[in-house]
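>>> Have a look; sequence and predicted model below, questions after that.
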Amino acid sequence: MMLLVTFCSKVTKGGIFRAKQHLVGGFRNATMCKKCPTHVREELQEYMQQKASAKTLDNCLIMRMLKFLEMTKMKMMLGQFLEAQKEINLVSLKEINLGNSKHLTAFPDLSQAKNLDRLNFEYCTSLVEVPSSIRFLDKLVDMNMRCCTSLTSLPSGIKLRSLKTLNFSGCLNLRKCPEVAGNINYLNLNEIAIEELPKSIGHLSGLIALNLRDCKRLSNPPGSIRLLKSLMTVDLSGCSNITLFPDISGDIRYLYLRETAIEETPSSIGCLSRLSCLDLKNCTRLKNLPSTIV
């Protein structure tokens, strides 16, 4: 059973206490709840609120057992959030969602959130950096930074060993490919400003999908990409500086190369026995296709 307090202007202590006797598991959108007893707030495990301000946090955030924190479209600045954060036991947190918080300029300190497995900062358009302290998040599985359009760089030497999905798509000013560990499965870097992929990408032995759609500055991938034996999907659509057909493993199944500057496909394409989709639409420089493609 979950306790849900939705847009409450008045909550009596007696009513909350009776619900608490069952199980306190969640507390959603309580933007006007000012009288929720402290002992109840301390046992909450889920908190979800849109358009949080410093004032509502002062009233609602005293949470020692919190596992899920969702505060999208926050109106507060980083300093105000950090003050409220002191009342949260970060060690218990499993998931943080601060998406669409357009006033947030930097990450909160998450070095103590060592059990965190999901992190969502998508559409935090004022966010300018990711701190090196993120390296402490050894259990992080999913990191979503989509459309953080002010983000320009990432700290080096951070390789989160548990990370499976990383999304920086739409980070239009990001000029460097993130360093990731070999356990990564899905790397989404659509519409970013990188000019090249590092040779070390060949070490990502667990990579299943590499999405680089509309990376207009991206040059031809390094030869080490052929080492990615688990790779099933590559999307280079709209990468107008790509002139060479990528040298990839025979296990590839989906290859999207539309609107690239590729001029020819190699005869070895016939060796891609598992390839079920090859998209070459609007490749205006493409001259012909080898007979081995049939």
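Right, received. Where do you want to start?

>>> Can you pull out the low-pLDDT segments for this protein?
The chain contains residues with pLDDT under 70 at 1-44, 47-66, 68-71, 73-89, 292-294.

>>> change it to 50
For the chain, the stretches with pLDDT under 50 are 1-35, 59-60.

>>> Could I get the full set of strands for it?
27-28, 46-50, 68-72, 95-97, 118-120, 142-144, 165-167, 186-188, 209-211, 233-235, 254-256, 277-279 (DSSP state E).

>>> Can you list the strands that the fifth one pairs with?
Taking DSSP bridges as the criterion, strand 118-120 pairs within the sheet with strand 95-97 (parallel), strand 142-144 (parallel).

>>> Output those strands in TSV, with distance to residue 154 appended to each entry.
Yep, even glycine has a C-beta here, placed from its N, CA and C like the rest. Compiled in TSV, these are given as follows (distance: least, CB to CB, whole Å):
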stretch	distance to residue 154
strand 95-97	18
strand 142-144	11
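
>>> In JSON lines: the ones you listed, plus distance to residue 191 and mean neighbour count.
Output for these, formatted as JSON lines (distance: least, CB to CB, whole Å; neighbours: other CB atoms under 10 Å):
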{"stretch": "strand 95-97", "distance to residue 191": "22", "mean neighbour count": "19"}
{"stretch": "strand 142-144", "distance to residue 191": "15", "mean neighbour count": "20"}
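
>>> between those strands, which gets nearest to residue 184?
Across the strands paired with strand 118-120, residue 184 has its closest neighbour in strand 142-144 (10.1 Å, CB to CB).

>>> and stretch 147-160, which residues are buried?
Residues 147, 148, 149, 150, 151, 154, 158, 160 are the ones in stretch 147-160 that count as buried (16 or more other CB atoms under 10 Å).

>>> give me every residue that touches the nearest residue to residue 223 once chain neighbours are set aside.
Spatially, and ignoring its direct neighbours in sequence, residue 223 is nearest to residue 247 (5.6 Å; CB to CB, 6 or more residues apart in numbering). Applying CB atoms under 8 Å, 6 or more residues apart in numbering to residue 247 gives the contacts 221, 223, 225, 226.

>>> Quick check: the nearest residue to the last one once chain neighbours are set aside vs residue 220, distance?
Using CB to CB, 6+ apart and skipping the chain neighbours, the partner closest in space to residue 226 is residue 247 (4.7 Å). Distance of residue 247 to residue 220, computed by CB to CB, to the nearest Å: 9 Å.
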